[in-house]
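> for reference, the sequence and a predicted model appear below.
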Amino acid sequence: MSEPLSLVVPEAPKRSLSWRGVLRVVHDNPLLLWTDAAYEQDVETQSFLGKPRFLLNAPEAIQHVLIRNPENYRRTAASIRLLRPFVGRGLLLSEGELWRRERRVITPTLAPRALPPLMAEAARAIGAAAIRLDAAAKAGTPVDLLAVMQGLALDIAGRTMFSVAMEAFGTEMRQMLAEAARNLSRPDFFDLVLPIGMPSPRDFQRWRFQRRWMGLISRIIAARQGADARRGDGADLFDLLRAALAEDGPEGARLLRDEVATMIIAGHETTALTLFWSALLLAAEPDMQARIAAEADGLDLGPDGAAAALERLSYTRAVVSEALRLYPPAAVIARQAVNAARCGDITIPRGALVFIAPWVLHRHRKLWAAPGHFDPSRFLPGAQPVPRFAYLPFGAGPRVCVGAQFALAEATLVLATLVRRFVITRGDDAPVMPVSVVTTQPDRAPPFHLTPRPGAA
Ligand code: HEM
């Protein structure tokens, strides 16, 4: 039986790539970096220009890197080069005492007990988006759900964390992200081989890009500060970060800007992709859509009821979890060993690259039954527990995603609201290929049709 079109993925190479092959796929689509055999092995060892690189699938090895010895495994020079233009020294890239301070401020604001008011705000944005989509649904015009999800997730990130309406900034932000995805976010030879202290030729372009990007973030901050006088409610993440960094003087202002940049980019791009892939998967599954609609039927998904409703949306949440398995937005977690280490049977030399790839783990043939099938029941309450460290869409250990619970709640609420209201179908039948350009993106934005769901209020 052939896979549904939404599940077509690039075919892994049969053998390890030559160094030229590595350069090509790292630039074009790093999902093709690992061989087909890696999807059933504990460890795949490759070498690049004589240096070993390890892909770790075994639970003990993953635990060793992410949880037991995280201080020995730093971000790689290539990841810093790709992320720095967008996040500066914000939480994603900061280290040591600065990282601890930033993490202490941010973690509680996104923890499960902080979610109810954030989900009320998210529900307002989702309701407004659903009303905008009504017109397309009634007219039967095709909808670009990738753009819809990107706009919605950005709006939610801006409103919940920074109390800022993002409409005025969305288009420019998308244009800049698209510009980077064509070029600066795709590493070349020098990006891979030069240490971070030595600029690669394209780092100069990246610095220019970073100046423009941070200019945009500064305008968002100015809009937020201008709105201060009108805000009567409690502190948001912006207030807390500003207070925590106030003692750092001018340096604090730069750190605040980097932190806002980090939380906006990390807080919307990945969730938007989760929603896009969920919609693509569901478009081939009318029965699953009907089940989501039935689960959401009668629940108050508006600002007053959203937080309570989330507890009743276990099937919808299982769909989100399964979409994150098949299309993890962070396809790979890359680290470089600071010192040599022993990890089970493997000796990891100093400086070696170590990869933990949710993309591979989530499709591993020894860890999952029918790994290529879209089957949300794997994540329903009462299902067999997922093997340890086989499912890592948010990473693990001290650098685990700080927004994981927020993202899951947001994505569940968006899907429940939209699927209850509309039947989602594809507008064409050509495959949509996942491509990893920092995040796991579709190779094109396919059209969808939304039809008012019969019986929906
Ligand atoms: C489905 C959505 C999301 C996915 C799949 C995702 C995935 C991840 C992963 C895998 C990491 C760990 C990276 C590593 O160890 O190298 C991470 C870190 C991070 N995420 Fe997320 N994320 C999501 C949503 C969010 C949201 C909503 C926010 C903010 C509101 C956020 C903010 C961050 C930050 C700041 C870090 C860095 C944490 C640190 O280094 O201490 N993420 N994310």
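Okay, I see it. A quick note: this is a predicted structure, and the numbers were derived from the prediction, not measured.
> can you give me phi and psi for the residue of the chain found nearest the ligand?
Residue nearest to the ligand within the chain (CB to the nearest ligand atom): Gly403, separated by 2.3 Å. Glycine gets a C-beta too; all of them are placed from N, C-alpha and C. Torsion angles at Gly403 (phi, psi; degrees, to the nearest 10) stand at phi -110, psi 20.
> again with Val164
phi -120, psi 140.
> give me the pLDDT for it.
At Val164, the model reports a pLDDT of 91.
> pretty sure it contacts Ala222?
No - in this structure, Val164 is not within contact of Ala222 by CB atoms under 8 Å, at 10.0 Å.
> neighbour count: those two, which is higher?
Neighbour count, other CB atoms under 10 Å: between Val164 and Ala222, Val164 has more, with 25 against 11.
> show the contacting residues for that one.
Contacts for Val164 were tallied using CB atoms under 8 Å, 6 or more residues apart in numbering; they are Gly158, Ile220, Ala223, Arg224, Ala227.
> and what of Val26?
Neighbours of Val26 in contact, by CB under 8 Å, 6+ apart: Leu33, Arg186, Pro187, Leu192.
> report the buried members of the contacts of Val164.
Gly158, Ile220, Ala223, Arg224 (16 or more other CB atoms under 10 Å).
> closest one of those to Gln336?
Nearest to Gln336 among the buried ones among the contacts of Val164, counting by CB to CB, is Ile220 at 32.5 Å.
> any idea of the pLDDT on that closest one?
In this model, Ile220 is scored at 95, pLDDT.
> report the distance from the helix or strand it falls within to the chain centre.
Using DSSP states H and E, Ile220 sits within helix 201-227. From the chain centre to the centre of helix 201-227 is a distance of 21 Å (CA atoms, centre = their mean, to the nearest Å).
> list the helices and strands that helix packs on?
Here helix 201-227 touches helix 77-87, helix 145-162, helix 167-182, helix 189-193, helix 249-283, going by 3 or more CB pairs under 8 Å, 6 or more residues apart in numbering; DSSP states H and E.
> give the buried residues for the second one.
Residues of helix 145-162 classed as buried by neighbour count (16+ other CB under 10 Å): 145-146, 148-162.
> and the gap between the residue of the chain closest to the ligand and Pro13?
As defined by CB to CB, to the nearest Å, Gly403 lies at a distance of 34 Å from Pro13.
> same check on Arg208?
From Arg208 to Pro13 the distance is 35 Å (CB to CB).
> neighbour count: those two, which is higher?
Between Arg208 and Pro13, Pro13 has the larger neighbour count (other CB under 10 Å), namely 16 against 12.
> wasn't the more buried one part of a strand?
No - applying DSSP: H, G, I helix; E, B strand; the rest coil, one finds Pro13 to be coil, outside a strand.
> quick check: buried residues in stretch 389-397?
By neighbour count, with 16+ other CB under 10 Å as the criterion, the buried positions of stretch 389-397 are Phe389, Ala390, Tyr391, Leu392, Pro393, Phe394, Ala396, Gly397.
> chain center to that stretch, what's the gap?
The chain centre lies 13 Å from the centre of stretch 389-397; the measure is CA atoms, centre = their mean.
> I'd like the average pLDDT over it.
The average pLDDT for stretch 389-397 rounds to 97.
> is it up against the ligand anywhere?
Yes - Stretch 389-397 reaches the ligand (CB under 6 Å from any ligand atom) through Pro393, Phe394, Gly395.
> can you get me a residue count around Lys140?
Not Lys; residue 140 is Gly. Using other CB under 10 Å, Gly140 has 9 other residues around it.
> residues touching it, list them.
Applying CB under 8 Å, 6+ apart, the residues contacting Gly140 are His449, Thr451.
> show the pLDDT at it.
With respect to pLDDT, Gly140 scores 91.
> same list (the helices and strands packed on helix 201-227) but as a markdown table, adding distance to the ligand.
Listed next are these as a markdown table, based on distance: least, CB to the nearest ligand atom, whole Å:
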| stretch | distance to the ligand |
| --- | --- |
| helix 77-87 | 7 |
| helix 145-162 | 6 |
| helix 167-182 | 16 |
| helix 189-193 | 17 |
| helix 249-283 | 3 |
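> now the ones you listed as TSV including distance to Arg378?
Shown next, in TSV, are the helices and strands packed on helix 201-227 (distance: least, CB to CB, whole Å):
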stretch	distance to Arg378
helix 77-87	30
helix 145-162	23
helix 167-182	31
helix 189-193	36
helix 249-283	13
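> Gly344: which of those is closest?
So among the helices and strands packed on helix 201-227, helix 77-87 is nearest, using CB to CB, at 24.4 Å.
> contacts for that closest one next, please.
Residues outside helix 77-87 that contact it (CB under 8 Å, 6+ apart) are 75, 92-93, 180, 184-185, 187, 191-192, 194-196, 200, 202-203, 206-207, 209-210, 213, 258, 261-262, 265-266, 334, 336, 438.
> which SSE is immediately downstream of that helix?
Sequence order places helix 96-109 as the next helix or strand after helix 77-87, per DSSP H and E.
> list the contacts of that following helix.
With CB under 8 Å, 6+ apart as the test, helix 96-109 has contacts from 89-91, 94, 114, 161, 236-237, 240-241, 244, 255, 259, 263, 402.
> since that was my last question, I'll sign off now.
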